[in-house]
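J.: Coordinates only, no sequence provided:
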């Protein structure tokens, strides 16, 4: 059992909910879907007005969520796993906050994530992307890693070769590799995967999948076709490239 919360930090549209579903199949982790997203949007500490029509909730404050996650460690003999988005903890992710977690970073080329995000949330704000925060978090985790750099997984390489990537991930984290966790039955359409204020439609691909390789239901615009995306891509790409250079590479 891990001594800390295992956290996979992604930006939107990096297959992170698929990663969480894989972890759920293992059976040895309590799993939580974007718990700090509730802090970002719905708590007394919230940093977005997207859900301003809903009253703020003290039980979703950042410290309350962290305390809740810590309280689950060891329950039923299981460790704790979260997947969350980096922008949800922007401004919170100092060394003390990061010390509560075994930090793993799930990355993906912004040329793919940004059009997908735009198709779901065309009015996304600059602070709802998170590549800059992801790199900041990596640097903080690296500084306190004692020579064992944090694991970085590229989402597309994960989809292309899930067994090798997850085996490498497990080896680095010191947890058993469970091959059976890489496959699952179709998820019932009624299954609620998220608390997200906009609903659960953005997980349609996952619900019809049986593994990391998902079906694609629609075509997306190119980042060069929309000025908002072109600007975001220019800003995000350098952070992605820096993280990609240090990713888990199973071919070496």
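T.: Received, thanks. Please read all numbers here as calculations on a predicted model, not as lab measurements.

J.: for the chain, what's the longest helix?
T.: In the chain, with assignment by DSSP state H, the single longest helix is helix 227-244.

J.: where does the residue of the chain positioned farthest from its centre land on pLDDT?
T.: Taking Cα atoms, centre = their mean, the residue of the chain most remote from its mean C-alpha position is residue 225, at 26.7 Å. Residue 225 is assigned 95 on the pLDDT scale.

J.: quick one: contacts for the nearest residue to residue 221 once chain neighbours are set aside?
T.: In this structure, residue 221 finds its nearest non-sequential neighbour in residue 115, 5.2 Å apart by Cβ to Cβ, 6 or more residues apart in numbering. Backbone N, C-alpha and C define where each C-beta goes, glycine included. Neighbour list for residue 115: 220, 221, 222, 223, 229 [criterion: Cβ atoms under 8 Å, 6 or more residues apart in numbering].

J.: Let's see if you can find the most crowded of those residues.
T.: Neighbour tally across the contacts of residue 115 (other Cβ atoms under 10 Å): the maximum, 24 neighbours, falls on residue 223.

J.: what's near enough to touch the nearest residue to residue 126 once chain neighbours are set aside?
T.: Among residues not flanking residue 126 along the chain, residue 232 sits closest, at 7.5 Å (Cβ to Cβ, 6+ apart). Residue 232 makes contact with 110, 114, 126, 129, 223 under the criterion Cβ under 8 Å, 6+ apart.

J.: Secondary structure for the residues you listed - can I get that in a markdown table?
T.: Shown next, in a markdown table, are the contacts of residue 232 (DSSP: H, G, I helix; E, B strand; the rest coil):
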| residue | secondary structure |
| --- | --- |
| 110 | helix |
| 114 | helix |
| 126 | helix |
| 129 | coil |
| 223 | helix |
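
J.: which among those end up buried?
T.: The neighbour count (16 or more other Cβ atoms under 10 Å) marks 110, 114, 129, 223 as buried among the contacts of residue 232.

J.: Check those and tell me the two furthest apart.
T.: 129 and 223 (12.3 Å; Cβ to Cβ).

J.: Which residues are in contact with each of the two?
T.: Common neighbours of residue 129 and residue 223, using Cβ under 8 Å, 6+ apart, are 114, 232.

J.: and which of the contacts of residue 232 is nearest residue 159?
T.: Using Cβ to Cβ, residue 110 comes nearest to residue 159 of the contacts of residue 232, at 16.6 Å.

J.: The helix or strand where the residue nearest to residue 221 lies: which residues count as buried?
T.: For residue 115, the element it lies in under DSSP states H and E is helix 110-120. Buried residues in helix 110-120, counting neighbours by 16+ other Cβ under 10 Å, are found at 110, 111, 113, 114, 115, 116, 117, 118.
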